[in-house]
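[1] Turn this into a model:
(chains A and B)
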Amino acid sequence: MAANMKAVKLRIKSVQSTMQITKAMELVASSKLRKAKERAETCRPYFKELHQTLKDIAAGNTDFTSVYVKEAASDKTCYVVVAGDRGLAGGYNANLFKCLEADSAGKDFLVLPIGKKAVEYAHRKGYECLTEEFAEVAEISVADCYEMANLLCEEFRKGTFGHIDLCYTTFVSMLSQQPGVISALPIVDLKEDSQEEKAVRNLILYEPDAAEVFDAIVPEYLGGLIYGSVCESLASELAARRMAMEAATSNAEEMIGKLNLYYNRARQASITQEITEIVAGAEGI
Amino acid sequence: MRTFPLRIGTPDGLLYEGEVERVICRTMTGDLAVLAGHCNFCTALGMGEAAVVLEDGTRKKAACIGGMLSMMDGVCRLLATTWEWEEDIDVARAKAAQKRAEEKLSASGLSEKEYRMVEAKLHRALVRIGVKG
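    This next block holds a predicted model:
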């Protein structure tokens, strides 16, 4: 019995120290989350406007002189995958990768991983990577995003791939984050199916001309889009981690409660046993 | 005068949303003003001074750097990389940036990429100083 009690005591201690860690991680995540959420929220209108504007253009466009607009020559897709730097964030990374796998099934593709987990994942799966320069998602600035966009545009123009898709997690609320894939390039990919049948098209005037306008706009558009998705993903990651750690902490609490009960019971049993032994011994004398 | 809805967005948030009379900004080919009733239009922005004439006729100046301007079905969207209203510009910082950039440009040994970056920095600083001055 005594040995059992000792084991339970040790177990309680170990669970307690785990709880301390999860609690600390929860606090760190929630304090970081506030900032990340603010950043995601200030960036969101820009992100939405940007995407909407390009969608409107895609719906009304009749000019296919620019390489960024016309139907892609290559079927290869480049996925920009924005995942986290660290694990212990519940299903955050796994859900994103599942979403990516579902979308990329049967396609010829390569990835541009952002975030350490995304890089690791690409390595493990043996996916072709465009660059691994952007491994730290937490430290990505607007300038990095534009750099990435320029790189992507360059490769796109060269014809290394014909589509660019963005795979990231949308921050819906503190409790819910939605992984998803959106098309970024070429512009015709943005066209929604329902709009295709529209007989009347809005003609758009480009100045000086469509090719030049798109050449100037697209890198910025892509940079803005990547920045937006990085902000969203970062906030999602922290929210997911906070949730996971909160659950872990409450699980640990529950476990400690149970173990304490068990420990007390064992203690009581051993005392009872001792008394019985003493009484039996006294009677024997 | 007739007005039209304008939205100015940057990665730092939606900076303006509302009815305006006129938008003036520098595009890649030169200055341009958009009035209400403009046909569907899309262009890329350059670096330069921009101005918005509000409903009540007041004119607000700003420094606008890069991005795009689109007019779709009467709604104007101005998506800039940076957009700073005149009152938000920090001249001291811009002047310091200008000085730094000029020093760097006069020193030799810059790679082509660095050169372009410093040049862009100088350009941005000059735009900011120009708007404020």
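
[2] what helix or strand is the residue in the stretch 151-285 of chain A positioned nearest to chain B on?
    Among the residues of the stretch 151-285 of chain A, A:A216 lies closest to chain B, at 3.5 Å counting by Cβ to the nearest Cβ. Yep, even glycine has a C-beta here, placed from its N, CA and C like the rest. Element membership of A:A216, judged by DSSP states H and E, is helix A:210-284.

[3] show me where pLDDT drops low in the stretch 1-150 of chain A?
    A:1-2, A:63 (pLDDT under 70).

[4] would you list every one of the strands in it?
    Using DSSP state E, counting those that start in this stretch, the strands assigned to the stretch 1-150 of chain A run over residues A:77-82, A:109-114.

[5] what's near enough to touch residue 128?
    In the absence of a named chain, this looks at chain A. If you count contacts by Cβ atoms under 8 Å, 6 or more residues apart in numbering or on different chains, A:E128 has them with A:L110, A:V111.

[6] actually it's chain B I care about, not the one you picked
    For B:R128, the contact set (Cβ under 8 Å, 6+ apart) comprises B:A63, B:E84, B:I89, B:V91, B:A94.

[7] Could you report the neighbour count for residue 69?
    By default, I'm working from chain A. Look at A:V69: counted by other Cβ atoms under 10 Å in any protein chain shown, it has 19 neighbours.

[8] Not quite, go with chain B.
    B:L69 has 26 nearby residues by other Cβ under 10 Å.

[9] Show me what the nearest residue to it once chain neighbours are set aside is bridged to.
    Excluding the flanking residues, the one nearest B:L69 by Cβ to Cβ, 6 or more residues apart in numbering or on different chains is B:L78, at 5.1 Å. Residues in a beta bridge with B:L78, per DSSP bridges, are B:I8, B:L69.

[10] Would you confirm that B:L78 contacts B:G9?
    Yes: counting by Cβ atoms under 8 Å, B:L78 does reach B:G9; the two are 7.3 Å apart.

[11] List the buried residues of whichever helix in chain B runs longest.
    Identified as the longest helix of chain B according to DSSP state H is helix B:112-132. By neighbour count on 16 or more other Cβ atoms under 10 Å in any protein chain shown, the buried set for helix B:112-132 is B:V118, B:K121, B:L122, B:H123, B:R124, B:A125, B:L126, B:V127, B:R128, B:I129, B:V131, B:K132.

[12] Give me the pLDDT value at the nearest residue to the fifth one once chain neighbours are set aside.
    Looking back up the chat, that one is B:R124. Once flanking residues are discounted, B:R124 sits nearest to B:I65: 5.7 Å by Cβ to Cβ, 6+ apart. Per-residue pLDDT puts B:I65 at 85.

[13] and stretch A:60-74, anywhere near chain B?
    Yes: using Cβ under 8 Å from any Cβ of the partner chain, stretch A:60-74 reaches chain B at A:G60.
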